[in-house]
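J.: Okay, sequence plus prediction incoming.
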Amino acid sequence: MTKTENPNGGSTQIKGQYVTLELINQSHIASLFKYLGFPDNKQIVDYVQGFPYVENEEELANHLFGSLREHPDLTIYVIKACEAQLGPPSLSDSNSHTSVLGICGYRLDPPANIAKLDDIIHSPLLQRTYAATEAQYLMHRQLFEGLPVAYRRVWVVSNSFNFRSRQYTERIGYKYEGTFRKDKITRWGTTRDSDCLSMLDEEWPINKRVLLKWLNSANFDTYGKQIKKLDEIRAQEL
């Protein structure tokens, strides 16, 4: 698959101020492998079900492109950015987005008008940054506004022990639906419970407003520190 082909519809490249989402292709693998920190930083995929500990670029490519072949409903974007410009007050433009700092993806179910988030992996450099939240905004705008089918529901499941992931998902507007008990077997052979969260199409407009207000450069001081948290902005919007 090349970056100019998207069998599931929608944009092949989504440009933001600090990040660009681009359909994954072979040219991204070396940079992605480097910034995720493989093979030393294997723990970055501890909670990513089915994602192997990879030792080299070939193994990473085999897993990602193998998943795309196995699941025709799957779309994977890489998250490209300038590693030195990941949020205010620095200035950035898409021409400087050359480092592959993570991936995000989803699986579409057009007959049901439902999308399920797939693997979202941020490099240590991308984690807890403005750019990471902008990437989530761009992907969700694509799902609710940018596809041929109007999707009614986006949902995600995560390991119940992955508290940071659930907290962040709720901050951007997802609502907890319940826990799938004994849902999976982990890579260590232990039982995993999975938390299920979702966002509906009627909830997207307010979540979009909250994200855009948080992403506004006026919400950051001269040191790049946020002035209002997502939760504070949401409370004002409700």
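T.: Alright, I've got the coordinates. Numbers count the residues shown, from 1 in each chain.
J.: mind exporting the longest helix seen in the chain as CSV, just the C-alpha atoms?
T.: Ordering each helix of the chain by length in residues (DSSP state H) puts helix 130-145 first. Provided in CSV are the C-alpha atoms of helix 130-145 (Å, rounded to 0.1, in the frame of the first residue of the first chain):
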residue,chain,number,x,y,z
TYR,A,130,0.4,19.2,22.4
ALA,A,131,1.3,17.3,19.2
ALA,A,132,-0.1,14.1,20.6
THR,A,133,-3.5,15.7,21.4
GLU,A,134,-3.6,17.4,18.0
ALA,A,135,-3.1,14.0,16.4
GLN,A,136,-6.1,12.6,18.3
TYR,A,137,-8.2,15.6,17.2
LEU,A,138,-7.2,15.1,13.5
MET,A,139,-8.0,11.4,13.6
HIS,A,140,-11.4,11.9,15.3
ARG,A,141,-12.3,14.7,12.9
GLN,A,142,-11.6,12.3,10.1
LEU,A,143,-13.9,9.6,11.6
PHE,A,144,-16.8,11.9,12.3
GLU,A,145,-16.5,14.3,9.4
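J.: Buried ones in that helix, by neighbour count?
T.: With burial defined by 16 or more other Cβ atoms under 10 Å, the residues of helix 130-145 counted as buried are 130-144. All C-beta spots, glycine's among them, are computed from the backbone N, C-alpha and C.
J.: Would you map the strands across the chain?
T.: 13-15, 20-23, 74-81, 99-109, 114-117, 121-122, 153-159, 175-185, 191-200 (DSSP state E).
J.: if I look at S99, how far off is S67?
T.: Look at S99 and S67: by Cβ to Cβ, to the nearest Å, they are 23 Å apart.
J.: The two: who's more crowded?
T.: Neighbour count, other Cβ atoms under 10 Å: between S99 and S67, S99 has more, with 20 against 16.
J.: Cheers, nothing more for now.
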